[in-house]
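Chemist: turn this into a structure:
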Amino acid sequence: MARSINQVILLGRLTRDPEQRTTSTGKTIASFSIAVDRAGQDDSADFFDITAWEKLGELVIQYLAKGRRVLVQGRLRQDSWDDKETGKKRSRVEVTATDVTFLDGPGDNADASAPRAASTSSTSKSDDVVIEDIDDKPIDLSEIPF
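Modeler: Okay, the predicted model is just below:
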């Protein structure tokens, strides 16, 4: 039997500042929207509602603001309900983020006061390596282990 896949990758700009909510169990949820330009079409964009949970949501609240560029990876989720006022069936599709990469630095848009965050991930962590001194000696190929 074929395996199901539910994955989406979006690159766009925040249309509003992220909003923070907390569940009854204390989990943080950040909600925001992004606009994604349509390739080859002037002044056209698609708009997507995004939610980020727990640590990822906390980072989104801390570092992102309206106008910032982001790369969002996640999955689609559809909600359906009956409208209490009209009685009609309503639905919406939302992206649940699994990773958000911050693409803008502080000077890249109007919000210059926001701190720079190169990338965030709920599952990965990287350490920067600083090389202080590099000599100009030739490399001895016999020392390479492969």
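Chemist: please make it C-alpha for all contacts and neighbour counts, starting now.
Modeler: Noted.
Chemist: can you get me a residue count around Lys27?
Modeler: 13 (other C-alpha atoms under 10 Å).
Chemist: for it, give me its contacts.
Modeler: Residues near Lys27 by C-alpha atoms under 8 Å, 6 or more residues apart in numbering: Trp53, Glu54.
Chemist: got phi/psi on it?
Modeler: Per-residue torsions, Lys27: phi -80, psi 140 (degrees, to the nearest 10).
Chemist: okay, it and Thr98: tell me how far apart.
Modeler: Lys27 sits 15 Å away from Thr98 when distances are taken as C-alpha to C-alpha, to the nearest Å.
Chemist: next one: Asp79
Modeler: From Asp79 across to Thr98, the span is 18 Å (C-alpha to C-alpha).
Chemist: my guess is Ala97 contacts Ala52, does it?
Modeler: Yes - Ala97 is within contact range of Ala52, at 5.1 Å (criterion: C-alpha atoms under 8 Å).
Chemist: who's more crowded, these two?
Modeler: Neighbours per residue, other C-alpha under 10 Å: of Ala97 and Ala52, the larger number sits with Ala52, 27 against 23.
Chemist: pairing partners for Ser91 in the sheet, please.
Modeler: Per DSSP bridges, the residues bridged to Ser91 are Ser80.
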